[in-house]
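Colleague: mind folding the following:
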Amino acid sequence: MKYRTYPQSDVTVSEVGFGLWTLSTGWWGNHTDEDAVRMLHEAYDLGVTFYDAADAYGNGRSEEQLAKAFASRRDKVVYATKFGYDFYHHGDERRGQMELPQDFSPKFVRFALEESLRRLKTDVIDIYQMHNAKLEHVRDDALWNVLEDLKREGKIRMYGVALGPAIGWLVESIEAVRLRSVASQQIIWNILEQFPGDEMIQAAYECNSPTGYQVRVPHASGMLEGHYTTETVFPKTDHRSHRPKSWLTNGVKKVETLRFLEHGGRTLGQASIQWLLHEPRVVSVLPNIYDSEQLREFAAAPDAVALTDEEYERVQALARTNFGVVEDPMAFKGTMDKELASARR
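Modeller: Numbers count the residues shown, from 1 in each chain. Just a heads-up that it's a prediction; the model follows:
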């Protein structure tokens, strides 16, 4: 494992982190808390020190799982968690991955923080993130002021925004670096889905913002793990079962053009992580981890055969032709207008 430090901070994280959404929500299979603790301990033994939760994952369950795993060695790991969804009053309304009502008022933020501290059994959260923040929240001075107050009070070390779902909101990301010089952003970005992540990161360079990036969905919902075929069938409870068949058939075609990355024992899944780590502002990659085999594969990615500049450029050349696949443009949620985003910069 290798490690990176957030710009202008003392927060150091493992290049491969562990997102607890796979262990706590039931959207990627059902795991007991005992299963979760075992996998978290295995991750730690493999050098993983960065763990990303959210208060809304399992209505507090992901934070409780972290406490069960690491309460006795809290100083050895970095906790990130998220806030903003009011599952306290609306948790029983959840249907699958449907968004719950949000509350980013200063009063609710303080309440949510204290509840997260209690569940995590800690007195400080390393990275506190606005969960799927909208443009109105990025522009809300009161919200940013309360986060700065919490930092001064020693209850959080740094704060940021986590953007999504459905790839993420471009204008929100740009405004967060332009107006707030936000310390941390969590975004969706991968070889197959380079927009809008490339625009988001470029904005930080243009604004000279000290922003570090966590990347989730690095394998394009499993496509870049390299195991799908056109005949793959997902369980009805799996979020991928709701995607159109064209997503699977076109994705498999694209992946075949990337098989050249598999050599010297390096898997396509590992190469996909290395492609992201090629960007210096990426501090940690958060793959979806379902089992020990995946965990070992992904945790070993930083030490696998290194991605060469020539391989990186070949990937980028393929991306410019959409990997040889003709398909309809992807439908996005959120504020995604590229011209509007450019104008706001």
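Colleague: quick one: residues contacting residue 215.
Modeller: Contacts for residue 215 were tallied using CB atoms under 8 Å, 6 or more residues apart in numbering; they are 186-190, 197, 276, 282, 284-286. Every residue, glycine included, has its C-beta placed from N, CA and C.
Colleague: specify which member of these is nearest to residue 306.
Modeller: Each of these was scored against residue 306 by CB to CB, and residue 276 proved nearest at 13.7 Å.
Colleague: tell me which helix or strand the closest one sits in.
Modeller: Using DSSP states H and E, residue 276 falls within helix 268-277.
Colleague: which other helices and strands contact that helix?
Modeller: strand 282-286, helix 292-299, helix 309-320 (3 or more CB pairs under 8 Å, 6 or more residues apart in numbering; DSSP states H and E).
Colleague: now the angle between helix 292-299 and the first one, please.
Modeller: Interaxial angle of strand 282-286 relative to helix 292-299 (axes from the mean of the first three to the mean of the last three CA atoms, to 10 degrees): 170 degrees.
Colleague: pull the residues that contact strand 282-286.
Modeller: 4-6, 13-19, 50, 52, 186, 201, 212-216, 218, 273, 276-277, 301.
Colleague: again, only this time at 6 Å
Modeller: By CB atoms under 6 Å, 6 or more residues apart in numbering, the surrounding residues in contact with strand 282-286 are 4, 6, 13, 16-17, 19, 50, 52, 212-216, 218, 273, 276.
Colleague: the inter-axis angle of that strand versus helix 268-277?
Modeller: Going by the same axes, to 10 degrees, strand 282-286 makes 150 degrees with helix 268-277.
Colleague: quick one: low-confidence parts of this structure?
Modeller: Within the chain, the stretches with pLDDT under 70 are 28-29, 91, 93-97, 166, 237, 333-345.
Colleague: could you check how far residue 6 is from residue 45?
Modeller: Distance, residue 6 to residue 45, using CB to CB, to the nearest Å: 24 Å.
Colleague: who has more neighbours, those two?
Modeller: The neighbour count for residue 6 versus residue 45, taken as other CB atoms under 10 Å, is higher for residue 6 (25 against 9).
Colleague: how about the nearest residue to the more buried one, chain neighbours excluded?
Modeller: Once flanking residues are discounted, residue 6 sits nearest to residue 212: 4.2 Å by CB to CB, 6 or more residues apart in numbering.
Colleague: do residue 298 as well
Modeller: residue 287 (4.6 Å).
Colleague: now distance to residue 121 and neighbour count too, for the contacts of residue 215, in TSV please.
Modeller: Putting the contacts of residue 215 into TSV (distance: CB to CB, whole Å; neighbours: other CB atoms under 10 Å) gives the following:
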residue	distance to residue 121	neighbour count
186	23	26
187	29	23
188	30	20
189	32	26
190	34	22
197	34	25
276	32	21
282	30	22
284	23	29
285	27	29
286	22	24
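Colleague: just curious, which of those is nearest to residue 263?
Modeller: Of the contacts of residue 215, the one sitting nearest to residue 263 (CB to CB) turns out to be residue 276, at 19.0 Å.
Colleague: ok, which stretches of the stretch 151-300 of the chain are strands?
Modeller: With DSSP state E, counting those that start in this stretch as the criterion, the stretch 151-300 of the chain has strands at 156-162, 184-188, 212-216, 282-286.
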